[in-house]
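# Here's a sequence, model it:
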Amino acid sequence: MHYTPSVAEAFNSVEHIMRDVNNVILIIMMATAFLGYVLPYGQMSGFSVNNATLNRFFALHFLLPFVLAALVLMHLIAYHDVVGSGNPLGISANYDRLPFAPYFLFKDLVTIFLFFIVLSIFVFFMPNALGDSENYVVANPMQTPPAIVPE
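The predicted model follows:
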């Protein structure tokens with residue numbers, strides 16, 4: 001954040017753009033989670049939610065992650081290219097610096113690639129590593145689970 005007594009100088013930096021994009025990313029993440037939670041709402045709401053509402057929520061739940069990915073890319077470009085992590089004030093100095101395109105982009109892509117390798121290992125080779133064994137018990141509507149007891 002930038003603090004200055006002058007209102008004109010406070011918003012000259014690109015820092016507020018990154019903060020605003022960051023806040024929009026947070027709001028879109030919360031909206032995506034909310035829309036995903038609302039999707040099964042049609043099963044328990046009766047007549048209040050119809051098919052058109054659920055279709056719209058599903059479309060938004062599907063499309064918002066792509067908008068989120070674009071905003072994250074904009075955030076990365078604004079962070080690395082415009083200001084840089086070592087220059088929060090945005091003051092241009094006459095010194096040599098490395099461009100974002102070949103070097104830092106490669107480092108970011110290697111990190112993303114390693115993340116997807118670990119994710120793929122969990123998805124394809126150990127899908128039950130983080131799951132619960134209760135998920136494989138056949139549901140019996142005539143029997144109460146043992147954890148539920150009368151008070």
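
# Sticking with the residue nearest to L71 when sequence neighbours are not counted, tell me its helix or strand.
Take L71 and drop its neighbours on the chain: the residue closest to it by C-beta to C-beta, 6 or more residues apart in numbering is I25, 5.1 Å away. The way it works is simple: take the backbone N, C-alpha and C, and place the C-beta from them, glycine included. In the assignment (DSSP states H and E), I25 maps to helix 15-38.

# Return the list of helices and strands in contact with that helix.
On a contact count with 3 or more C-beta pairs under 8 Å, 6 or more residues apart in numbering; DSSP states H and E, helix 15-38 meets helix 51-77.

# What residues sit buried inside the helix it packs on?
Residues of helix 51-77 classed as buried: L54, F57, L60, H61, L64, L68, L71, H75 (neighbour count, 16 or more other C-beta atoms under 10 Å).

# Widest-spaced pair of the residues you listed?
With C-beta to C-beta as the measure, no two of those lie farther apart than L54 and H75, at 31.3 Å.

# tell me the mean pLDDT for the helix holding I25?
Averaging the model's pLDDT scores along helix 15-38 yields 80.

# Mind picking out the helix or strand in the protein with the poorest mean pLDDT?
Ranking every helix and strand in the chain by mean pLDDT, DSSP states H and E puts helix 41-44 at the bottom, with a mean of 56.

# so who does the residue nearest to L71 touch?
Under the criterion of C-beta atoms under 8 Å, 6 or more residues apart in numbering, the neighbours of I25 are L68, L71, V72, H75.

# so what's the first one up against?
When contacts are counted by C-beta under 8 Å, 6+ apart, L68 is found next to I25, I28, M29, T32.

# In ChimeraX, select just the buried ones from these.
Buried residues among the contacts of L68 (16+ other C-beta under 10 Å), as a ChimeraX selection:
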select :25,28,32
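
# Quick one: the contacts of L68 as CSV, columns for distance to V118 too.
Converted to CSV, those look like this (distance: C-beta to C-beta, whole Å):
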residue, distance to V118
I25, 23
I28, 25
M29, 21
T32, 22
